[in-house]
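Colleague: following is a predicted model, sequence given first.
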Amino acid sequence: MDKAPLLEIRGLEKSFPGVQALQGVDFTVGRGEIHALMGENGAGKSTLIKVLTGVYNRDGGESRFEGRSIRPRSPREAEEAGISTVYQEVNLIPHLSVAENICLGRQTTRLGFVRWHAIRKRAEKALHRLDLTLDTSRQLSSCSVAIQQMVALARALDTSAKLLILDEPTSSLDEREVAELFKVMRKLRGEGMSIVFVTHFLGQVYQVCDRITVLRSGKHVGEYATAQLPRMELIARMIGKDVTEIEKMSRSRDRQPAPLSAQPFLQVTNYGRKGSVCPMDLAVRPGEVVALAGLLGSGRTETAKLIFGADQADSGEIDIEGRPVTIRSPRDALRYRIAFTTEDRKVDGIIPNLSVRENIVLALQASRGPWARMRRPEQNALAGRFIKALDIKTPGPEQPIKNLSGGNQQKVLLGRWLATEPKLFILDEPTRGIDVGAKAEIEKLIDALRKQGMAILFISSELEEVVRASQRVVVLRDGQKIGELTGDEISEQTIMRTIAAPTTDSEAVHPAQL
Amino acid sequence: MKKLDPKYIPLFATAIVMLALYAGGCLAYPNFGSLRVFINLLGDNAFIGVAAMGATFVIISGGIDLSVGSAIAFTSILIAQLLGHHWPPAGAFALTLLIGLAYGTVQGALIHLFALPAFLVTLGGMFFLRGLSFVLSPESLAIKHPFYLQTVRTMAIPITQRPFVTFPLTAQCFVVVTIIAAIIAGYTRFGRNIYAIGSSESSAILMGVPVGQTKIGIYALAGFFSALSGCVATFYMQSGNPASFVGLELDAIASVAIGGTLLTGGVGFVPGTAMGVIILGLIQTLITFQGNLNSWWTRIAAGVLLLLFITLQKVVGSKRH
C-alpha cells in the first residue's frame, strides 16, 4: 500500500541502571508529516530518539523504516538508512568552518583527498534549501546559536534524509528565528520529508505539527491528530491528570506589588558595562519578583551577571539594603546573600558526577569555607529537606545528578542556593528545557519564596511565564532598559509593545537572514 | 581588505618571531645568514621535527604522547643492533617503522577501548620503551654499516658548489614529513576527523565521525612518526643510544605549542609546528654563535618564549568571545 507509514516502532524497550526508560513504546510516523513527540521530562522522548538514531542500543522491540527492519548501531548507520537528527544542544564542531560542519565525515574526496571547493559548494546548496546565504568558510563558533542550528539542519539535509528528527531545536531561538525554522520545516514537508519534532513549547506544536504522540514515564499514551486534541487535553495526557486539575494550577495569582515604601534589598543606579549593558536603574524589594524581559540577546543575562559580579560594572553604584557596596566578584555577591542560577545549567550549574546530596550541599559548604566541613548527618538532613520541599524526583540522595531529568536537575540547583538562605535570588531561565509540570512547580516555588519575603530577579524568554510570575517587569532591548511595567500594566501585549516601540536613536536593523 | 581570521593570529605570531630571530642573528653575526647555517639548522633538528609532527596530531585531538623520546631511543638502538647483526638497512628500517606503528596502535587502543587517560598510557609506554632500549643494549652502539658511512652522505642533494653546500638526508626527511603531515591534516577525512574530535568529541560521535578508529589511528601515526624520527636520529648521530633523547617529547610538545596548536585540542597547524621546531633551533644556534653563554640559556629562552606564546593564545582566544 502506498500509504504505509515511513517509520513504525513497536514495543521498544530500553532500561538504564535503576530506570526503565522505555516500556513497550510504539511510535508511528507517516510520510510527509510533521509529527510532535510530546511528554514531560523523563517521559522517554530523548531515549526513544537516541535508540532510533543508534546512539543507544535497544533492549527489545522492533523498528521498521520504509517497510524494512532496521537496527542502527551508530548515528552514522542511522544516517545511511535515511534518518538524520538535529539535537537540542547544537552538536557541531565549534572550531571548524560552517562548510566543514555540514560535510564532516562525508566530505567530497578525489583519490582520498578532500576537495574543499566542492565541499563549500555543497554546503552552500544545503543552506540554500533553507533560504540561507552565508559565508561557509566562517568558523562555526563565530555564528549565532540560531545560525548554528540552521547549519545543523543543513547538515541533516545534506544526507538526503527521509526522516528528520528535531530534538528541541527551538529552545534557544527567539520568536523570529522560530518562525524562520517553521517556514523551513513546512517547506521540507512539502518536499515529502517526514519530521519528528520534539519540543516543550505547546504553542509551537499547534503551529506546525500534523500529529502528536504522547509519552509518559516511558510508556506510550496515545497518538492524536493535532486538530482533534485541544491544548488542555494534551497537557492532561502529558502529566496524567484531569483537565480540571490543571485549570486550577494555572489560575492567575494576586499581583499586588510589594509596598513601595519598603526599602529595596537591591538598588542599582546608573549601573552598566561598556559593550554589554547600558547604564540603568533597577531595584528589587523583598517580597517582590522583578522580571527582566526582552528578546534573546537583549542583555538580560548580562544584566544579571553584572549584578552578581560575574562581570564587572564600569559605571554606577549599587546599594544593598540602603548601604552602598561594591560587588566585584560572585564571592562578594554571595557575601551579601545574593544567589544566582545560570541559564545554562549543564555548563555552569550542575556537577554531573556528584550525587544529589553533594550538589545541594555545595554552595552552603563553600560559603562556610573548607574548615567548617558539614558533617554527614547534617548533609543528609539538608538534602532530605530539599528533596522533599522541592519534590525532587530521585531514587535517593546518593543518585548522581546526571541521571535526573532536566526539571529535577533544576530543582536540585534551586535547592543548592536556597540552602544558603539568600535574600536576593537571581533566576536566569529557570524553566528552560523542562516540562510543563515541572515548570508549574517551579513557578509555584518562586511565588512561595516571594511570599516568605525573598527578593527575586527572574529572567525568562517565555512571556506567559513572566506575566504570571512577576510584580514588576523591566523591559530590555539591545542591552538597554527601555521600560518598566507594574501591576495591571503587565501583560504579554504590553511587554511586546514596549519591545517593539520605536526609539529616538536610529535602530540597528537586523539583517534579513537571521 | 579581508581581516585576518583570529584563528591564524598565533600562527602569524610564530612566523614573525621566527623571522625576527633569524634577522636578529643575521645582523649580530656575519656568518649567521649563510645557507650552510640554515641547512644545518634543519638537518640537526630534523628528528625533533619528525617527532613533533606526530605530536601535532595527538595534541590537535586533545591528547598527549609522552613516549616519544623513549620511542626514538628504542628505535635508534634497535637499528644499531639489527645492522650489527648484518640486517640490510631497508629491512631494519621497515621493521622498526612497523614496530613503531604497532606500539602506537596498542597505545591508541588502550586509550580508546578502556577510556584510559592518554597521559598515563603513554607514560607507561615511555617507561616500557626506555627499559626495553637498555635491554637491547646497555651502552651506546656505533653504527659502522656502509649505508651510514657512505650512502647517507651521497644521498645529500648538492645545492651550491662554491661554497659546497648540500641538503642532507635528515633535512630531506623533515621537509617531506612536514608536507605529508600537512596533507593529512588538511586534505584527508582522517585528518579532519582529528580536528573534530579535538574540538568536541561528543559532537563528533553524534555527527557520525568514527571516533574510535580515528583515535587509534592518531596514536598509531604518532608511533610511526616516533620510529621514523628514531631512524632520522641515527643518520644524524651514526649510533644508537638507549640513554639518549630523555625528555625529547617535551621539546616536541613545546614546538607544537609555539606553532599555535592549542593543547585543549581542535586547533592546530602543521606548518606552525615546523616553525616551532625551527624557532627552538634558531635559539640554540644563536647561543652557540654568541659563544660566552652557557648552553642552558637555550632552555631559558625556550621557556620564556613558550610562556609568551601560550599567553598570547589565551588573550587572542578570549577576545573572540
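Modeller: That came through, no problem. Keep in mind that what you see is a predicted model, and the values were worked out from it rather than measured.
Colleague: check contacts around A:Arg300.
Modeller: A:292-294, A:428, A:459, A:476 (CB atoms under 8 Å, 6 or more residues apart in numbering or on different chains). Yep, even glycine has a C-beta here, placed from its N, CA and C like the rest.
Colleague: list only buried entries from those residues.
Modeller: A:292-294, A:428, A:459, A:476 (16 or more other CB atoms under 10 Å in any protein chain shown).
Colleague: let's have those residues in CSV, adding pLDDT and secondary structure.
Modeller: Formatted as CSV, these follow (pLDDT from 0 to 100; DSSP: H, G, I helix; E, B strand; the rest coil):
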residue, pLDDT, secondary structure
A:Leu292, 91, strand
A:Ala293, 87, strand
A:Gly294, 80, coil
A:Asp428, 88, strand
A:Ile459, 90, strand
A:Leu476, 87, strand
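Colleague: from those residues, which is closest to chain B?
Modeller: Closest approach between the buried ones among the contacts of A:Arg300 and chain B, by CB to the nearest CB: A:Asp428, at 18.0 Å.
Colleague: wouldn't that closest one be in contact with A:Glu343 here?
Modeller: Yes: the pair A:Asp428 and A:Glu343 passes the contact test of CB atoms under 8 Å, sitting 4.3 Å apart.
Colleague: where does chain B have low pLDDT?
Modeller: Along chain B, the model assigns pLDDT under 70 to residues B:1-6, B:317-321.
Colleague: show me which residues of it sit near chain A.
Modeller: Taking CB under 8 Å from any CB of the partner chain as the contact definition, chain B meets chain A at B:5, B:7, B:183, B:186-189, B:192-193, B:195-196, B:198-200, B:202-210, B:266-267, B:320.
Colleague: in helices, which of those residues appear?
Modeller: B:183, B:186-187, B:189, B:192-193, B:195-196, B:198-199, B:202-206 (DSSP state H).
Colleague: between those residues, identify the one with the most neighbours.
Modeller: B:Ala196 (30 neighbours; other CB atoms under 10 Å in any protein chain shown).
Colleague: for chain B, what's its nearest residue on the stretch 351-500 of chain A.
Modeller: For the stretch 351-500 of chain A and chain B, the shortest gap (CB to the nearest CB) falls at A:Pro352, measuring 12.4 Å.
Colleague: from the chain's centre, how far out does stretch A:406-414 sit?
Modeller: Its chain's C-alpha centre lies 13 Å from the corresponding centre of stretch A:406-414 when counted by CA atoms, centre = their mean, to the nearest Å.
Colleague: now do the strands in the stretch 301-450 of chain A.
Modeller: Using DSSP state E, counting those that start in this stretch, the strands of the stretch 301-450 of chain A run over residues A:315-320, A:323-325, A:338-341, A:424-428.
Colleague: which one of the ones you listed lies nearest to chain B?
Modeller: Closest to chain B of the strands of the stretch 301-450 of chain A, according to CB to the nearest CB: strand A:424-428, at 18.0 Å.
Colleague: just to revisit the earlier point, between A:Asp428 and A:Glu343, what contacts are shared?
Modeller: Listed contacts common to A:Asp428 and A:Glu343 are A:301, A:459; contacts here mean CB under 8 Å, 6+ apart.
Colleague: coming back round to it: ok, the residue of the stretch 351-500 of chain A closest to chain B touching A:Lys402?
Modeller: Yes: the pair A:Pro352 and A:Lys402 passes the contact test of CB under 8 Å, sitting 3.8 Å apart.
Colleague: neighbours around B:Gly268, how many?
Modeller: By the criterion of other CB under 10 Å, B:Gly268 has 27 neighbours.
Colleague: taking the stretch 201-321 of chain B, what residue is nearest to chain A?
Modeller: Closest point on the stretch 201-321 of chain B to chain A, by CB to the nearest CB, is B:Gly208, at 3.4 Å.
Colleague: so what's that residue up against?
Modeller: The contact partners of B:Gly208, taken as CB under 8 Å, 6+ apart, are A:74-76, A:79, A:105.
Colleague: state the phi and psi torsions of the closest residue in space to it that isn't next to it in sequence.
Modeller: Closest residue in space to B:Gly208, ignoring its immediate chain neighbours: A:Arg76 at 3.4 Å, by CB to CB, 6 or more residues apart in numbering or on different chains. For A:Arg76, the backbone dihedrals (degrees, to the nearest 10) come out as phi -70, psi -40.
Colleague: these two touch, right, A:Arg76 and A:Thr85?
Modeller: No: the pair A:Arg76 and A:Thr85 does not pass the contact test of CB under 8 Å, sitting 11.4 Å apart.
Colleague: just the buried residues of stretch B:68-85, please?
Modeller: Buried residues in stretch B:68-85, counted by 16+ other CB under 10 Å: B:68-84.
Colleague: same check, this time on stretch A:196-208
Modeller: A:196-200, A:202, A:204-206, A:208.
Colleague: give me the distance from that stretch to the chain's centre.
Modeller: Here stretch A:196-208 is found 14 Å from its chain centre; the criterion is CA atoms, centre = their mean.
Colleague: got it, and stretch A:308-324?
Modeller: Mean-position distance between stretch A:308-324 and its chain equals 29 Å (CA atoms, centre = their mean).
Colleague: now do the same end-to-end measure for that stretch.
Modeller: Across stretch A:308-324, the terminal residues are separated by 15 Å (CA to CA, to the nearest Å).
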